[in-house]
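Novice: turn this into a structure:
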Amino acid sequence: MENLKTGQFFGTTNETIHQSGITLTDTEYTHEKVDWHFHENAYFTFILAGRLLEGNKKDLYTCDSGGLIFHNWQEPHYNIKPKGQARGFHIELEPNWFGSYELNTGLIEGSQKLTNPRMKILMYNIFKETKQSYLPAQSAIDSLLIE
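Specialist: As a prediction, this is how the structure comes out:
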């Protein structure tokens, strides 16, 4: 099973931004199927366009545009991309980021599809922050993530 390192996703990377303890990646998905793999960091996947199916040991999630999934680190999963374009925005959180805000990582388990509209708005705002003409503000992104 492949272990993907920070900033590594299957597809074409449009942009990667590294900040203290956070990596933000904008990816066009190009593979029809990606076999079982895991990532070294906990992360959010926010579907910007198209559709992606994501399976783990317990569930198969269908994520359309605006869909949001949280993955714990080391959580095995696979992906299926139906025909057409699909694009995702990933926010990876390194263990030291959680520690710097005294967030208890022991409460985070597995993968979850998140459906709360407020959380999706926060993801849109983080994405928007990365597309400003200036370097995205670490404090603004951290504040949105903590919220």
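Novice: would you map the strands across this protein?
Specialist: 2-4, 12-19, 22-28, 33-39, 42-49, 51-55, 60-64, 68-71, 77-80, 87-93, 111-114 (DSSP state E).
Novice: now do the second one and strand 87-93, the angle between them.
Specialist: When you say that, I think you mean strand 12-19. Between strand 12-19 and strand 87-93, the angle comes out at 30 degrees (axes from the mean of the first three to the mean of the last three CA atoms, to 10 degrees).
Novice: any idea of the mean pLDDT in strand 12-19?
Specialist: Mean pLDDT, strand 12-19: 92.
Novice: quick check: buried residues in that strand?
Specialist: Thr16, Ile17, Gln19 (16 or more other CB atoms under 10 Å). Yep, even glycine has a C-beta here, placed from its N, CA and C like the rest.
Novice: do the same with the last one
Specialist: The neighbour-count check on strand 111-114 (16+ other CB under 10 Å) flags Ser111, Gln112 as buried.
Novice: how much space between Thr25 and Asn14?
Specialist: Shown here: Thr25 relative to Asn14, a distance of 8 Å by CB to CB, to the nearest Å.
Novice: which residues sit against the worst-scoring helix or strand of the chain on mean pLDDT?
Specialist: Least confident helix or strand, the chain: helix 138-146 with a mean of 83, by mean pLDDT, DSSP states H and E. Here helix 138-146 makes contact (CB atoms under 8 Å, 6 or more residues apart in numbering) with 19-20, 22, 24, 91, 93, 101, 103, 122, 125-126, 129-130.
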